[in-house]
Each structure stands twice: as structure tokens, then as C-alpha cells.
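Student: generate a structure from the sequence data that follows.
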Amino acid sequence: MYNLLISLGSCIVVFLLCFFVFDVPWWISFLVAMLVFSAAYILIARYVMKKVSAIMEAAGRDLQGQRIEKAIRSLQDAFRFGLWQFSIAGQIHSQIGMIYYMKRDFSNAFGHLEKCFAKNWVAMGMLAISYMKRNKKEKMVSTFEKAIQWSSKESLLWNLFAYCLNETGDTEKAIQILEKGKKKLPGDERLSGNLEALKSGKKMKMKSFGDMWLQFHLERQSVVMKQQAAALGGMARRRIIRK
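Tutor: The predicted model follows:
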């Protein structure tokens, strides 16, 4: 990465100048060189991240305005900063993959999600589901496990992992995952409720997660449409009551 190389190069140059040209003791030369390395790395990282954040904010505004293709083009433009800073390319792939996935363009989403940032648990969840739909259970499990390493406090992630395991016929493993989730989130009622449901041979209930759950497209379209219709009906009744 360019940032690391530039910072390391600056560090070496400063050390050589201090030690060989200005006859500064080696340990002082080393300390000064390390300070230069740290300062250079932080300054460059901040500059690059500021540029990337501006691009992502613009893409976010395009998404809100339903200008989806323009948002994707903006994000793709940010790839030029990928060689400058670690993790940037993965974050951009995550955003693009999530956009394609949510618009149900799963074939285009998959290539980006495979390169997603591990700390983005939503993108990792979408990748795991993509593996499940491709009958690659081992990769599904390993992807969920990697996501949980970074986002163990996300209730939906634990429930999503268990849901997918149950869908693949591994109810026993799904129960184990929910039990592990309860240890991380002992007061989470949704984890407890779904754990009891699986132990009783019933289906997991995911509706309480709302749009966060629906974005994974694991509900049938007919179910989603009914939920949306019910929500609109509720909004209409509330408006009538206010009048």
C-alpha cells in the first residue's frame, strides 16, 4: 500500500540522515525516524479517508434519490484510493455488493461480497446467504463465524446464522449458535424466543427485526408484500385517528 511504503521510506531516510549525516546516536535516530513514520502514516490515512468519505456521502445521497447506478459509479471511482490505504477496497466492495444484493441483482452482488470488509457484518451476512443458495454450506458457516468474530454483539447476526443453519436442515447446530449468542447477549429476548422455538420444533420468528431482516431477502416475496401492505394499512389508520 502506498501509504505504508511512503511512510516507511520517510522513516528510513530520516534515520540515515540523523545517524550518518548528523552523527546522532542510533537510538535517538531510531526514535525520530519512528515518529516521522507514525506522523506520515496518520496524515496520509486521514487525507485518503477524507476523500473516500466524501465519495461515500455523495453515493449515499444518490441512493436516497433512487439514483442507484450513479451511486455505484461513484463508489467505483473510490477504488483508486484502494492502493493507498488498507481496507478501503474491501469497504467499497461491501457497499457495492450490498446495493446489488438489496436490488436483487445477486449475480453482480456476489463478486463484490466475496471481497467485502469482514467488519461489515451485513455484507458478510449477505455473502453467507449467497453461499447457502449456492449449496456451499461450509463456506456459509465459515463466513458467519468470521462475521461473528468482529460483530458478536449483533443480535440479528446470531439469529441470521441460526436461521440459515435451520434452513439447511441443521437444527441442532442452529440451537448451539443461539445458545452461544445468548452468552454474548444474555438479555436478548429475540435470541431467547427463537431458541425456545427451535427446541419446540417451531419456526424462528424474524419479523421483529423489521427492514434489517427483510434486506436479506430470505422471506418469500408474497410475505414481504403482505407485511408492507399491513404497514401501510396501519399508517392509514393512524392518520384517520389523528383526524
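
Student: was I right to think Met124 contacts Lys146?
Tutor: Yes. Between Met124 and Lys146 there is a contact under C-beta atoms under 8 Å: 6.7 Å. The C-beta positions use only the backbone N, C-alpha and C, and glycine is treated the same way.

Student: and those two? Which one has more around it.
Tutor: Met124 (25 against 15; other C-beta atoms under 10 Å).

Student: now do the more buried one against Phe20, distance only.
Tutor: Using C-beta to C-beta, to the nearest Å, Met124 is found at 49 Å from Phe20.

Student: domains in the chain, by residue range?
Tutor: Using automatic domain parsing, the domains assigned to the chain come out as 1-65, 152-220.

Student: tell me which of the ones you listed sits most buried.
Tutor: Most buried of these by mean neighbour count (mean count of other C-beta atoms under 10 Å) is domain 152-220; its value is a mean of 17.

Student: centre-most residue in the chain?
Tutor: Asn120 (1.5 Å; C-alpha atoms, centre = their mean).

Student: that one contacts Ile92, correct?
Tutor: No. Counting by C-beta under 8 Å, Asn120 sits too far from Ile92 to count as a contact (10.7 Å).

Student: report all helices and strands that the longest helix anywhere in the chain contacts.
Tutor: Of all segments of type helix in the chain, defined using DSSP state H, the longest is helix 26-64. Contact analysis of helix 26-64 by 3 or more C-beta pairs under 8 Å, 6 or more residues apart in numbering; DSSP states H and E lists helix 2-16, helix 68-77, helix 88-102 as its packing neighbours.

Student: can you list those helices in JSON lines and add distance to Glu189 and mean pLDDT?
Tutor: Output for the helices and strands packed on helix 26-64, formatted as JSON lines (distance: least, C-beta to C-beta, whole Å; pLDDT from 0 to 100):
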{"stretch": "helix 2-16", "distance to Glu189": "45", "mean pLDDT": "91"}
{"stretch": "helix 68-77", "distance to Glu189": "36", "mean pLDDT": "93"}
{"stretch": "helix 88-102", "distance to Glu189": "27", "mean pLDDT": "95"}
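
Student: for Met34, which of the ones you listed is the nearest?
Tutor: Closest to Met34 of these, according to C-beta to C-beta: helix 2-16, at 6.7 Å.

Student: what about that closest one, distance to the chain center?
Tutor: Computed by C-alpha atoms, centre = their mean, to the nearest Å, the chain-centroid distance of helix 2-16 equals 32 Å.

Student: helix 88-102 and that one, what's the angle between them?
Tutor: Going by axes from the mean of the first three to the mean of the last three C-alpha atoms, to 10 degrees, helix 2-16 is angled at 170 degrees with respect to helix 88-102.

Student: any low-confidence regions in the chain?
Tutor: Applying pLDDT under 70 to the chain picks out residues 221-243.

Student: what's the angle from whatever helix or strand Val122 lives in to helix 88-102?
Tutor: Remark: Val122 resides in helix 121-133, with elements defined by DSSP states H and E. Put simply, helix 121-133 runs at 60 degrees to helix 88-102, going by the same axes, to 10 degrees.

Student: I'd say Met1 and Gln85 touch.
Tutor: Yes. Here Met1 reaches Gln85: they are 6.3 Å apart, a contact under C-beta under 8 Å.

Student: now the helices and strands packed on helix 26-64 in a markdown table, with distance to Arg134?
Tutor: As requested, the helices and strands packed on helix 26-64 are exported to a markdown table (distance: least, C-beta to C-beta, whole Å):
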| stretch | distance to Arg134 |
| --- | --- |
| helix 2-16 | 35 |
| helix 68-77 | 23 |
| helix 88-102 | 14 |
